[in-house]
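1. Could you work out the structure for the sequence below:
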Amino acid sequence: MKVIENRNIWFIISLVIIVAGFVSLIFRGLNYDIEFAGGTIIQIDMHQELESHDDLTQLVKDITGDSNPQIQEVSGNLGENHIQIKVKEITPDTITALYQAIAEKYGLDTAGKTDLLEQSSISPIISSEMKRAAIISTAIAGVLMLIYITVRFRDICFGLGALIPLIHDCLVVISMYTILQIPVNNTFIVALLTIVGYSINNTIVVFDRIRENRPVYRAHELDRLCDDSIMQTLGRSLGTSFTTVVMILLLFILGVQSLRWFALPLLVGMIAGTYSSLFIASPVWYLLEQKIHKA
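-> Numbering: from 1, shown residues only. Below is the predicted model of the structure:
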């Protein structure tokens, strides 16, 4: 497999996905959940399984004035059917009116409001802090990995060659969030950091093999060095990725909606991480090696 010779193909594939994500980001933006945008969360025990959320969604729209409420099933005890409603910030009176309307429509407790399990609000200030925390935590993880790999391999080319694919993976995942309008919430931070940690493992395996094989190859054979090292680690990378992807895929298929919104970007990120470790990291290292050490 001539990975280095065909590096422009791999770069173009990634660029197309990332550019599509940026275009979607400009025209549609990210679908910020309550945790990031601020608003009100209401959890109700419905005592019944809803075949469709359409009627409930319309009821929430009419009472709260929110044109895009988020309604999802959440885990309860055995036999309980809980739903969670996320809307823009509303007053306590509106919360009461909303619960009363839902209770009357679905036959819940209207007097004691015992089926109203939770009501809470998140201010825009808190949501802004969470956005900042997501950016800072991801940036710190990237910088620390850059430092570690540079010191571990004693070569800045390896450090940058590992960092750039991590940025690539994050951009691909963000593109998926905006294209599919996946709600951006606390799991967004978890998904990004998980993908970064997973992707770097495969990259280090490939780079370690490049370092081991380098004394065997001449200076002008860097392309063969990379291609052979990738082929030698290909089985390990694909085998590990396959088992992980299968587990996440089952989580996406069998999980409730909230878990699916977490599993989908994680699934995309795992695939992107494997792809970047094999087809982005080594070509980037190859180009940096030629640019920096042969300048």
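2. Please make it C-alpha for all contacts and neighbour counts, starting now.
-> Fine.
3. For stretch 226-236, buried residues please.
-> 226-231, 233-234 (16 or more other Cα atoms under 10 Å).
4. repeat for stretch 84-92
-> Using 16+ other Cα under 10 Å as the test for burial, stretch 84-92 gives 84-89.
5. just stretch 201-219 next, same as before
-> Buried, per 16+ other Cα under 10 Å, within stretch 201-219: 201-210, 214.
6. Show me the contact partners of that stretch.
-> Residues outside stretch 201-219 that contact it (Cα atoms under 8 Å, 6 or more residues apart in numbering): 153, 158, 162, 225-226, 229-230, 232-233, 237, 274, 277-278, 281-282.
7. now swap in stretch 90-102 and tell me
-> Outside stretch 90-102, the residues that touch it by Cα under 8 Å, 6+ apart are 39-40, 56, 59-60, 63-64, 108, 110, 113, 116.
8. Name the next helix or strand downstream of the longest helix along the chain, please.
-> Ranked by number of residues, the top helix in the chain under DSSP state H is helix 222-254. Per DSSP states H and E, the first helix or strand lying C-terminal to helix 222-254 is helix 257-279.
9. how close does the closest residue in space to residue 28 that isn't next to it in sequence sit to residue 132?
-> Nearest in space to residue 28, with sequence neighbours left out and distances taken as Cα to Cα, 6 or more residues apart in numbering, is residue 178 at 7.2 Å. To residue 132, residue 178 is 19 Å away according to Cα to Cα, to the nearest Å.
10. quick one: which of these two has more around it?
-> More neighbours surround residue 178 than the other of residue 178 and residue 132, with 24 against 12 (other Cα atoms under 10 Å).
11. Surely the more buried one is in contact with residue 25?
-> Yes. Between residue 178 and residue 25 there is a contact at 5.8 Å, judged by Cα atoms under 8 Å.
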